[in-house]
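**Q** What follows is a predicted protein model with its sequence.
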Amino acid sequence: MAPRDETKVSGNKRAVTNRGAWTAEEDRKLSEYIEVHGPKRWRNIATKAGLNRCGKSCRLRWLNYLRPNITRGNISDAEEDLILRLHKLLGNRWSLIAGRLPGRTDNEIKNYWNSHLSKKISAKEKTREVPPPPSSKRLDEAGIQELPQREEEQLATGNVIPDLDLEIDYLFDFTMEGSYGLDWVNNFLELDRNS
DNA sequence: AACGAAGTCAACCGCTAATTT
DNA sequence: GAAATTAGCGGTTGACTTCGT
């Protein structure tokens, strides 16, 4: 049985809502209601569909599992390659990445990244370990290596920008492109230049 | 067979942006 | 224009499964 939680509603009243895994019955109720009324006003959906859930939970369930055209199961090699390249370009912008993978959800891609790809990458980097040429970094008088300016800025602001210079040839090598159009990448870069 | 560690993934949380009242 | 509500995002948690000993 799903755990329950008290959710604040207007005033001092509290409503007890279900939490945890969704049941088949809850899925059915949610799907049927959305089929008729559409996926909007999630708090209304939760109450009017007779679900003891918060609107947020209903929305998540619909987007990640119940909506049509969801692709479930193994991520193909082409998809994995695209995720890697998009992540290099966009960072942890999971919803944007998911938007380029038909049928995949941001949650699924985020999970796949955290459980598969991040490890693959760190393993790759460990084996690579190519030291930079001595002239590429200068030493200050105390003998401490200075960070490149962008790295310093990122550390200062906390905004880590994906390293677009790293493996740039690989990133923009579209010769192995499959069915995924990447015109949007060019548009994105054009917008970025203009801004 | 039993147990703990590691991996996986669905769901929740906290926050911000956008929209509505 | 301000306040309230809703939608959406990324990070995190925790239950469950698989693997190794």
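**A** Cool, the structure landed.
**Q** If I look at A:Lys120, what pLDDT would I see?
**A** We note a pLDDT of 79 for A:Lys120 in this prediction.
**Q** To clarify, my last question referred to A:Ala123.
**A** 71.
**Q** Also A:Cys54?
**A** In this model, A:Cys54 carries a pLDDT of 90.
**Q** Wait, it touches A:Ala46, no?
**A** Yes - A:Cys54 is within contact range of A:Ala46, at 6.2 Å (criterion: C-beta atoms under 8 Å). C-beta here means a position set from N, CA and C on the backbone, and glycine is covered the same way.
**Q** Could you check which of the two is surrounded by more residues?
**A** With neighbours defined as other C-beta atoms under 10 Å, A:Cys54 and A:Ala46 compare such that A:Ala46 has more, 23 against 18.
**Q** for the more buried one, what are its contacts?
**A** By C-beta atoms under 8 Å, 6 or more residues apart in numbering, the contact set of A:Ala46 is A:53-55, A:57-58.
**Q** Which of those residues sits closest to A:Gly99?
**A** A:Cys58 (21.7 Å; C-beta to C-beta).
**Q** that older thread, let's have the contacts of A:Ala46 in a markdown table, adding distance to A:Arg41 and secondary structure.
**A** Shown next, in a markdown table, are the contacts of A:Ala46 (distance: C-beta to C-beta, whole Å; DSSP: H, G, I helix; E, B strand; the rest coil):
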| residue | distance to A:Arg41 | secondary structure |
| --- | --- | --- |
| A:Arg53 | 14 | coil |
| A:Cys54 | 13 | coil |
| A:Gly55 | 8 | helix |
| A:Ser57 | 14 | helix |
| A:Cys58 | 10 | helix |
